[in-house]
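Novice: Kindly return the folded structure for what I paste below:
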Amino acid sequence: MDDHSGKSPDHLTINVTHRDDPVFEVTEADAFASVRKYPNIVVRGPLFGLAEQRRGDRPRWRLMGELDTGFPQMVRDELNSHLWFKARDETEDRAERRSLLAAVARLETEKTDEVSACGVRYRVVRADEFARIGDGRLEPPRATDPDDDGWDLDATEPCRTDGFVVDHAAAVGLSEGIGRAGLLQLSYTADRFPADVRADSQRALTTHPGVVLLPTTFRVVERKEMSWSMVTGQHSTPQGARRALVDHLTRPFPELPDLPGMPEVPAWMKVDEKEAAVNERAAKKFMARRRANELIVRGKRFEVVRVERMMRIGPDGPEKSRPSDVDQYGPSQIHPIMDEHGNITYGT
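Specialist: Modelled structure (predicted):
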């Protein structure tokens, strides 16, 4: 990092700014107070998503949808489908369709994290999910985090990650700038991570020395004696996580009948009426408390926690998956064959 003369390249630049804006100042003060109270970091592991780089965006990349998938191959399949449907529905130009289908063909046979089609670069990108911790407690939502008060369990949540521009040199507040600087040397060092995972993590400090923070998300976890277990997925707001907790308590899997010749229904899938009644009462009390972040029911302690994601950035943009990142399966053909005219051949 010492061989760059003059202005630092974008992936090494952290541009800190200050705005004379009361909301900005309150948010900054809240961030500094939270970091003092929750000074340490617990890394959960990697998440994967899609990014694209169009001609007008270069050198920056733009995220496509959520970044919440646990395996890179699942994202490659998502990209495969995105390009296949684009070839079917969004063009009548044979050259464009050939370009899109060539990228699909690669994704069907190669474990690749980047393809190009019609002048657009598509990339499977990686981020590390982490939470802040202090005095044995994970950080709850901050008072300045975007939130709402609705209890519609079927409400559609906004996606704060879709369209997010990965711009390492974009101006940020002092708290985020300091936070990013503190993450520059973060790597997997705990013995619970395999040796190849630790080695790849250490190597990334050199190949992708920059760090960008993605929009914050929120989860519900169950506090155990020495650890936490996840109860819900990511949510864009704390209230989204609270709704998910209520859903978890009041909408368990329905009890399935035992049918002849079928395996017995596992105990964890059966609904106990007394337990369901206890959960229902606990959920109603939880909903009556405005923006509560903790619930104890039947000896279980549920917490709404604040989750952050850091993406490592190199000279050519966001980090792809690492050799040590695990996949459950490999590439395959997931859509029928299509020719450049848009004709589809279905298997027999």
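Novice: could you say what helices and strands the top helix by length along the chain packs with?
Specialist: If you go by DSSP state H, the chain has its longest helix at helix 72-89. Secondary structure elements in contact with helix 72-89, counted by 3 or more C-beta pairs under 8 Å, 6 or more residues apart in numbering; DSSP states H and E, are strand 40-53, strand 61-69, helix 94-109, strand 114-117, strand 120-134, strand 337-338. Backbone N, C-alpha and C define where each C-beta goes, glycine included.
Novice: Between those, which one is closest to residue 30.
Specialist: Each of the helices and strands packed on helix 72-89 has some distance to residue 30 by C-beta to C-beta; the shortest is strand 120-134, at 13.0 Å.
Novice: picking up where we left off before, format the helices and strands packed on helix 72-89 as a markdown table; extra columns: mean neighbour count.
Specialist: Below are the helices and strands packed on helix 72-89 laid out as a markdown table (neighbours: other C-beta atoms under 10 Å):
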| stretch | mean neighbour count |
| --- | --- |
| strand 40-53 | 19 |
| strand 61-69 | 20 |
| helix 94-109 | 18 |
| strand 114-117 | 19 |
| strand 120-134 | 21 |
| strand 337-338 | 15 |
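Novice: closest to residue 306 out of those?
Specialist: Residue 306 lies closest, by C-beta to C-beta, to one member of the helices and strands packed on helix 72-89: strand 120-134, at 6.7 Å.
Novice: what residues are up against the closest residue to residue 162 other than its chain neighbours?
Specialist: With sequence-adjacent residues excluded and distances taken as C-beta to C-beta, 6 or more residues apart in numbering, residue 162 is closest to residue 65, at 5.0 Å. Contact partners of residue 65, counting by C-beta atoms under 8 Å, 6 or more residues apart in numbering, are 49-50, 159, 161-162.
Novice: rerun at 10 Å
Specialist: 49-51, 75, 78, 82, 159, 161-163 (C-beta atoms under 10 Å, 6 or more residues apart in numbering).
Novice: right, so of the helices and strands packed on helix 72-89, which gets closest to residue 152?
Specialist: The nearest among the helices and strands packed on helix 72-89, by C-beta to C-beta, is strand 61-69 at 20.2 Å.
Novice: Could you give the separation of the closest one from the chain centroid?
Specialist: Mean C-alpha position of strand 61-69 versus that of the full chain (C-alpha atoms, centre = their mean, to the nearest Å) differs by 7 Å.
Novice: Where does the prediction get shaky in the stretch 1-150 of the chain?
Specialist: Counting by pLDDT under 70, the stretch 1-150 of the chain contains low-confidence ranges at 1-8.
Novice: Which of the helices and strands packed on helix 72-89 sits closest to residue 307?
Specialist: strand 120-134 (5.4 Å).
Novice: Moving C-terminal from the closest one, which element do we reach first?
Specialist: strand 137-138 (DSSP states H and E).
Novice: can you give me the helices for the chain?
Specialist: Along the chain, counting by DSSP H, helices occupy 22-37, 72-89, 94-109, 174-183, 195-207, 238-250, 273-288.
Novice: Now do the fifth one and strand 40-53, the angle between them.
Specialist: Meaning helix 195-207. 70 degrees (axes from the mean of the first three to the mean of the last three C-alpha atoms, to 10 degrees).
Novice: do you know how far residue 238 is from residue 251?
Specialist: 20 Å (C-beta to C-beta, to the nearest Å).
Novice: what's residue 119 in contact with, if anything?
Specialist: Applying C-beta under 10 Å, 6+ apart to residue 119 gives the contacts 53-55, 96, 99.
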